[in-house]
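A.B. asks: Quick one: sequence plus predicted model below, questions after.
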Amino acid sequence: MSRWNSRDCLGLRGVSREEIELVLETARGMKEIQTRTVKKVPTLRGKVVINLFYEPSTRTATSFELAATRLSADVIQIQTGTSSVVKGESVVDTAQTLRVMGADGCVIRHSVSGAPHHLARHIDIPVINAGDGTNEHPTQALLDMFTMKQHHGRIEGLTVVIVGDILHSRVARSNMWGLLTLGAKVRFVGPPTLVPPEVEKLGVEVRHKLDGSFEDADVINLLRVQKERMTANFFPSLAEYSRYYGMNEERLKRTKPGSIVMHPGPMNRGVEITTEVAESPQSVILEQVTNGIAVRMALLYLLIGAERDPQPVKKDAAPAIDTPSLF
Amino acid sequence: MNASSPRRILSADDIQRTLQRMAHQIWERSANSDLALVGVRSRGVTLAERLRPLIEGMACKNVPVGVLDIGLYRDDIGLGSPAPPVRSTEIDFDVSGKDIVLIDDVLFTGRTVRAALNALIDLGRPARVQLLVLIDRGHRELPIQADYVGETVKTYADESIVVHLREDDQADGVFIVNERSQAS
């Protein structure tokens, strides 16, 4: 029987095809719950999930909260600015305090890459990474893959084009790991300043011009332009970005029939995507949001719904990024 | 050690005759109601799909079939590793007001049926729910009985009943297996 092998979900790097497929299959079951009048199942009754958000987030925090409550778990939302975090308490101290209050799982978003891994080494409950710095955002990639599979019936063999600021994008990174594992073709498109050097060595294709790079794609995933990057001179202006890398109606006409346009949100309308594209029949952006709840329910279920061996908390120094063992 | 090979208790013909008999019984009791069949994944669904044409032939009307997954309603979540598999429930009709026959292959402890009832009732308020099983092997741990039973089989706790249906397995047949000879 396939299973999620790690106690945590810190990233998709090193996660096997069987594990990803298990999450996607479980999420299919979770999605049906959202079509019911009473959108709740008793599965994680009595369990407590902490949402620890050290970075502003509306959709991911809400999505995790809905996912947990639809499984009947109780959720504690902690956003920085309203807690001891502002008093300088460390991530580990905060989480351990909540742990001894009886939490069964912890969802964390942090601006520092590797923060969830650090937390996971010091706490004995499952940790789910809801985005860490520029490293990974595994649940976003899982919901993206779920949406792709829903539309194309498969992932293997699809050509997936990811457009924008690849360098700073944890969404791009997690998508890359997951999609490569499932056998998709991944193409990064972005200005040379915003694509990590030598990323081709990992098995992705890199292009610097959008025109000529998206016409054969089955999936076009547009990343959000982080406006703060502009001041750091990664690209000259929003208008120029939009001209070279924005998806507009004219480009949409050249896409492959049946292809879909995705965006992890929140969108900068008129920059990486125009309103016409966002609202076109090819856009699956709102479905991504709905699917996000199902995928997060699946992960919460697989991690918190499994029996855990009481494991000693690892105190030793470990590499910044844990790669879960395959078996 | 008594390493016995699987012993067949129902042949393909037996299964077919049993289903025909149960289809008649269902029709007898539900002729004037809004009948629907709901199979518990996975072999309960196969049985429901086989019963459907038999009942429809007598009823001269469509009998909807739904698929129920009980994964999220099990009472052993968190007690085993990994978490039990979850698949999707696919019931595209409103269960409220329906006369539902819940279908599973084997009735054993009754825990699956308990979970299935909770899962079903979360979807609405059926007018009536009856239970159909191909095999009742005893050893109940909850006060649950079936309304339609294909075959009652006396078993020991360490034996298991294996139901093979040609849609999922190679051929039809119900076998009784000694678990000690299987575990290796």
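C.D. replies: Cool, the structure landed.

A.B. asks: Pull out the buried positions in the lengthiest helix in chain A.
C.D. replies: Taking DSSP state H as the criterion, chain A has its longest helix at helix A:285-304. Across helix A:285-304, burial judged by 16 or more other CB atoms under 10 Å in any protein chain shown covers A:285, A:287-289, A:291-304. (C-beta placed from N, C-alpha, C; glycine too.)

A.B. asks: so where do the helices sit in chain B?
C.D. replies: When assigned using DSSP H, the helices of chain B occupy the ranges B:12-30, B:43-59, B:111-121, B:179-182.

A.B. asks: on contacts alone, who are the packing partners of the third one?
C.D. replies: By that I understand helix B:111-121. Helix B:111-121 is packed against strand B:35-40, strand B:65-68, strand B:99-107, strand B:128-136, with contacts defined by 3 or more CB pairs under 8 Å, 6 or more residues apart in numbering or on different chains; DSSP states H and E.

A.B. asks: could those strands go into a markdown table alongside distance to B:Arg29 and mean neighbour count?
C.D. replies: Putting these into a markdown table (distance: least, CB to CB, whole Å; neighbours: other CB atoms under 10 Å in any protein chain shown) gives the following:
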| stretch | distance to B:Arg29 | mean neighbour count |
| --- | --- | --- |
| strand B:35-40 | 9 | 25 |
| strand B:65-68 | 18 | 22 |
| strand B:99-107 | 9 | 25 |
| strand B:128-136 | 8 | 22 |
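
A.B. asks: list the buried ones in stretch A:45-59?
C.D. replies: Neighbour counts using 16+ other CB under 10 Å place A:Lys47, A:Val48, A:Val49, A:Ile50, A:Asn51, A:Leu52, A:Phe53, A:Tyr54, A:Glu55, A:Ser57 of stretch A:45-59 among the buried residues.

A.B. asks: tell me the SS of the last one?
C.D. replies: Spelled out, that is A:Ser57. Following DSSP: H, G, I helix; E, B strand; the rest coil, A:Ser57 is assigned to coil.

A.B. asks: Over to it: give its phi and psi.
C.D. replies: Per-residue torsions, A:Ser57: phi -160, psi 130 (degrees, to the nearest 10).

A.B. asks: State the helix or strand in which the residue nearest to it when sequence neighbours are not counted lies.
C.D. replies: Distances taken as CB to CB, 6 or more residues apart in numbering or on different chains place A:Arg109 nearest to A:Ser57, at 5.7 Å, with adjacent residues excluded. For A:Arg109, the element it lies in under DSSP states H and E is strand A:105-110.

A.B. asks: helices and strands around that strand, which ones?
C.D. replies: For strand A:105-110, the packing partners by 3+ CB pairs under 8 Å, 6+ apart come out as strand A:48-53, helix A:59-70, helix A:91-100, helix A:115-121, strand A:127-132, helix A:285-304.

A.B. asks: angle of that strand against strand A:48-53?
C.D. replies: 0 degrees (axes from the mean of the first three to the mean of the last three CA atoms, to 10 degrees).

A.B. asks: can you list contacts of strand A:105-110?
C.D. replies: Strand A:105-110 is contacted from outside by A:47-55, A:57, A:60-61, A:64, A:73, A:91, A:95, A:98-99, A:115-116, A:119, A:123, A:125-133, A:300, A:303-304, using CB atoms under 8 Å, 6 or more residues apart in numbering or on different chains.

A.B. asks: try 7 Å
C.D. replies: Strand A:105-110 has contacts (CB atoms under 7 Å, 6 or more residues apart in numbering or on different chains) with A:49-55, A:57, A:60, A:64, A:91, A:95, A:115-116, A:119, A:123, A:125-132, A:300, A:303-304.

A.B. asks: And for stretch B:151-169?
C.D. replies: Contacts for stretch B:151-169 (CB under 7 Å, 6+ apart): B:6, B:9-10, B:18, B:42-43, B:46, B:105-106, B:134-139, B:171-180.

A.B. asks: Taking the centroid of the chain, which residue is nearest it?
C.D. replies: Since you didn't name a chain, this refers to chain A. A:Gln140 (2.1 Å; CA atoms, centre = their mean).

A.B. asks: quick one, what contacts it?
C.D. replies: Taking CB under 7 Å, 6+ apart, one finds A:Val171, A:Ser174, A:Pro264 in contact with A:Gln140.

A.B. asks: Check the contact between the last one and A:Val171; I expect there is one.
C.D. replies: Yes: with contact defined as CB atoms under 7 Å, A:Pro264 and A:Val171 form a contacting pair (4.9 Å).

A.B. asks: Overlap of the contact sets of those two?
C.D. replies: Counting by CB under 7 Å, 6+ apart, the common neighbours of A:Pro264 and A:Val171 are A:Gln140, A:Leu223.

A.B. asks: Could you list which of the buried residues of helix A:285-304 also contact chain B?
C.D. replies: Restricting the buried residues of helix A:285-304 to those adjacent to chain B (criterion: CB under 7 Å from any CB of the partner chain) gives A:Tyr301, A:Leu302.

A.B. asks: Show me where chain A has its strands.
C.D. replies: For chain A, the strands defined by DSSP state E occupy A:48-53, A:74-79, A:105-110, A:127-132, A:159-163, A:185-189, A:205-207, A:219-222, A:260-262.

A.B. asks: ok, how many other residues are close to A:Glu215?
C.D. replies: A:Glu215 sits with 14 neighbouring residues when counted by other CB atoms under 10 Å in any protein chain shown.
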